[in-house]
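J.: Model the following, please.
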Amino acid sequence: MAAEFPTKPITLVVPYPAGGSTDITGRVLAAAAKKYFNQPVIVENKGGGGGTVGPNLVIAKPADGYTVGIMASTTVTISWHMGKCNFNPIDDVNHIMRYTGYLYGFVVKADSPWKTFQDFVKHVKANPDKVSYGTTGVGTGPHLAMEQISFLTGMKMTHVPYKGGAECNSALLGGHVDSVSDSTSWGPLVDAGKFRLLVVYTAARSARYPDVPTLKELGIDMVFPSPLEIMGPKALPQPIVQKIQDAFKKSLDDPEYQEVLKKYDMATTYLNSSDCEKAVRKESEELKKIVTQLGMYKK
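T.: The predicted structure is shown next:
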């Protein structure tokens, strides 16, 4: 079976609704992988559960390589530590490869009164629980990041969860929330002058938004990871894992894929299967400490 794989189309499950950065970059990557598999790669969106529904569906599929998925490993690990995920995102998953990561940041509408993140923090502290922020769901990376920022700054805000980045953007555009903590699905709207990016959660400033400070530059001592991986059922035979890994790795150099990565300020961060699993284990321990610190940890 491994020698012949694949003999039919492969399904790539995206754990968020259509329109966000995970979906769009995933679709372009899937299109590029077609020529290396010699089979179509069909994208299916399975949003919900803060990014946990998609991977949960994938690990229940036959371990034949014909259904794989994208997993935001930080997001799913957070949900696991919070008791909101019914599978172990380390031990129940075949970590085929890490391929990129999000740029997390915090945006408001361009016509909002907050010109800087310091302005925003000052206003929220003076008006506890009166300012809302949207994320891609309870237990996602953007949610936990904002909870940690709030913990470190003394802010008290109202969290409004959505199913994906596109919904968050629509909510902010429509005035249903005051701000959004998310990945660069907001990027095109920042570029269009509709949103204002106040801060990024990375260790260094974004090349795309060099004038926007990091949290550390503002005296908030945190950096938040945001990796994405291709995953599959735990029992996938290693020869099939290798074939999937090789095809997607070659696709990372596709010019159209590289162009869409730039659009969302996402970088290629390749790790093979073994190194990907090691990284997820290490990050899981670090995230457990944060979840515990915030009083959100559940055994």
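J.: What residues does the closest residue to residue 38 other than its chain neighbours make contact with?
T.: Once flanking residues are discounted, residue 38 sits nearest to residue 6: 7.6 Å by Cβ to Cβ, 6 or more residues apart in numbering. From N, CA and C alone the C-beta is placed, and that goes for glycine too. By Cβ atoms under 8 Å, 6 or more residues apart in numbering, the contact list for residue 6 reads 37-39, 65-66, 243.
J.: Share the number of residues neighbouring residue 211, please.
T.: 7 (other Cβ atoms under 10 Å).
J.: Now do the SS call for it.
T.: Following DSSP: H, G, I helix; E, B strand; the rest coil, we place residue 211 in the coil state.
J.: picking that back up, so the residue nearest to residue 38, which state does it fall into?
T.: coil.
J.: tell me the pLDDT at it?
T.: We have a pLDDT of 97 for residue 6.
J.: before we move on, what about residue 1?
T.: The model's pLDDT for residue 1 equals 62.
J.: ditto for residue 274
T.: 97.
J.: for the host helix or strand of it, packing partners?
T.: Assigned by DSSP states H and E, residue 274 belongs to helix 273-293. Contacting helix 273-293 under the criterion 3 or more Cβ pairs under 8 Å, 6 or more residues apart in numbering; DSSP states H and E are the following elements: helix 73-81, strand 93-101, helix 141-153, strand 227-233.
J.: same thing but 7 Å
T.: For helix 273-293, the elements it packs on are helix 73-81, strand 93-101, helix 141-153, judged by 3 or more Cβ pairs under 7 Å, 6 or more residues apart in numbering; DSSP states H and E.
J.: possible to save these as CSV with mean neighbour count, mean pLDDT and distance to residue 117?
T.: Shown next, in CSV, are the helices and strands packed on helix 273-293 (neighbours: other Cβ atoms under 10 Å; pLDDT from 0 to 100; distance: least, Cβ to Cβ, whole Å):
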stretch, mean neighbour count, mean pLDDT, distance to residue 117
helix 73-81, 28, 89, 22
strand 93-101, 24, 96, 22
helix 141-153, 23, 92, 9
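J.: how about those, which one is nearest residue 291?
T.: helix 73-81 (4.4 Å; Cβ to Cβ).
J.: how far off helix 141-153 does the closest one point, in degrees?
T.: 70 degrees (axes from the mean of the first three to the mean of the last three Cα atoms, to 10 degrees).
J.: For whatever helix or strand residue 159 lives in, list every residue counted as buried.
T.: Taking DSSP H and E as the definition, residue 159 sits inside strand 158-161. Residues 159-161 are the ones in strand 158-161 that count as buried (16 or more other Cβ atoms under 10 Å).
J.: what does it rub up against?
T.: 129, 132-135, 137-138, 143, 177 (Cβ atoms under 7 Å, 6 or more residues apart in numbering).
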